[in-house]
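Asker: below is the sequence, then the predicted model.
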Amino acid sequence: KKLNEQLQRQASSGLSRGLSGALKGPKRIARFSPLHANPAKSEVSILSWNILSDSLATPKRLPWVSPAHLPWRARGPALREELLAAAADIVCLQEVDVKRWEEVSGWLPEYSCLLQSTKRSGGGTASDKGCCMLLALMWSPRVRLVWEEHRSRAMLAELELVGGDTDAE
């Protein structure tokens, strides 16, 4: 029920307007409220976000984005603010630059994490091309890792709630 209410709020606020809406010009979107103020033992919140690698944040690749918003000095603080506001139990990040990882992981110091290096098309690792991107899976102390497996550019993991009610309604 809470998820449906959140999705309805997002739809009415324009958060799910799609790419065609994004191309019409800048629009203010509503900020996420924390995903859970007082989570039930059996509830878990998940946030997945492509934070855009510095190497891909160029006006040539993203001509519809103001060049002032592409540098990390503009994006980093905004990303941090949104991650902290979401207060998700599980955070999945894509396109994390290796050189930014220490900063990004410092935003959620109490979280555990797994990292997976990604390969670029054309063979070789991203570091062979002068940059390296990571997939990052981070989880709060409410969650524990059961198992993990890494395959090429994919990371598989099973997480479970610590002391959570397994007979959720």
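Answerer: Alright, I've got the coordinates.

Asker: quick one, longest helix in this structure?
Answerer: helix 72-86 (DSSP state H).

Asker: so what secondary structure elements neighbour that helix?
Answerer: If you count contacts as 3 or more CB pairs under 8 Å, 6 or more residues apart in numbering; DSSP states H and E, helix 72-86 packs onto strand 46-50, helix 98-107. For the C-beta atoms, the positions are set from N, CA and C on the backbone; glycine is no exception.

Asker: pull out the buried residues from it.
Answerer: Across helix 72-86, burial judged by 16 or more other CB atoms under 10 Å covers 72, 75, 76, 79, 83, 86.

Asker: can I get those residues in JSON lines with pLDDT and distance to residue 142?
Answerer: Shown next, in JSON lines, are the buried residues of helix 72-86 (pLDDT from 0 to 100; distance: CB to CB, whole Å):
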{"residue": "72", "pLDDT": "95", "distance to residue 142": "30"}
{"residue": "75", "pLDDT": "93", "distance to residue 142": "28"}
{"residue": "76", "pLDDT": "94", "distance to residue 142": "26"}
{"residue": "79", "pLDDT": "93", "distance to residue 142": "22"}
{"residue": "83", "pLDDT": "92", "distance to residue 142": "16"}
{"residue": "86", "pLDDT": "90", "distance to residue 142": "14"}
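
Asker: can I get those in JSON lines including distance to residue 47?
Answerer: Shown next, in JSON lines, are the buried residues of helix 72-86 (distance: CB to CB, whole Å):
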{"residue": "72", "distance to residue 47": "20"}
{"residue": "75", "distance to residue 47": "16"}
{"residue": "76", "distance to residue 47": "17"}
{"residue": "79", "distance to residue 47": "11"}
{"residue": "83", "distance to residue 47": "7"}
{"residue": "86", "distance to residue 47": "5"}
